[in-house]
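Asks: no sequence on hand, only this structure:
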């Protein structure tokens, strides 16, 4: 199963903030899963760069701040792989996914 995603991805329009060092840059997640998200951002971050992503989904009472690693980059953004999610974040994301459409699976 090489190259297959472990977690189903969902299309979204979720405001996020990327925290890289002392810098905070607003962005927008356009797809998300329990494994990570694609963030549209002007930041140019290389593969393997550690970054934190701050976001809030409706079921959370406060922002989540999740440690991530850049796994790929395109001209308009980055693919951020989540580190450890807390149980409340996993639950809240699963609640959020119920209102989203799954992303098409690339062939």
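Replies: Here it is on my side, so go on. Source: prediction; values computed, not measured. Residues are numbered from 1 along each chain as shown.
Asks: buried stuff in stretch 45-55?
Replies: 45, 49, 51, 52, 53, 55 (16 or more other C-beta atoms under 10 Å). C-betas here are computed from N, CA, C, even on glycine.
Asks: wouldn't residue 62 be in contact with residue 54 here?
Replies: No - between residue 62 and residue 54 there is no contact under C-beta atoms under 8 Å: 10.1 Å.
Asks: sort out which of the buried residues of stretch 45-55 are in strands and list them.
Replies: Here DSSP state E is the test, and those give 51, 52, 53, 55 as lying in strands.
Asks: skipping its backbone neighbours, what lies nearest the last one in space?
Replies: Beyond its immediate neighbours in the sequence, the residue positioned closest to residue 55 (C-beta to C-beta, 6 or more residues apart in numbering) is residue 16, lying 4.4 Å away.
Asks: got it, and the second one?
Replies: The spatial neighbour of residue 52 that comes closest, neighbours along the chain excluded (C-beta to C-beta, 6+ apart), is residue 19 at 4.0 Å.
Asks: check what pLDDT that neighbour gets.
Replies: Note on residue 19: pLDDT of 97.
Asks: residues in a beta bridge with the residue nearest to the spatial centre of the chain, which ones?
Replies: Residue closest to the mean C-alpha point of the chain, counted by C-alpha atoms, centre = their mean, is residue 37 at 2.5 Å. Note on residue 37: beta-bridge partners residue 32, residue 80, judged by DSSP bridges.
Asks: pull the contacting residues for it.
Replies: Listed by C-beta atoms under 8 Å, 6 or more residues apart in numbering, the contact set of residue 37 reads 14, 16, 29, 31, 53, 79, 80, 82.
Asks: hang on, the earlier thing: kindly indicate which of the ones in strands among the buried residues of stretch 45-55 lies nearest residue 75.
Replies: residue 51 (17.7 Å; C-beta to C-beta).
Asks: where exactly do the helices run in this protein?
Replies: Ranges of helices within the chain are 87-97, based on DSSP state H.
Asks: poorly predicted segments of it, please.
Replies: 1-5, 106-107 (pLDDT under 70).
Asks: all the strands of it, residue numbers only.
Replies: Taking DSSP E as the test, the strands found in the chain are 10-20, 23-32, 36-40, 50-55, 64-74, 77-82.
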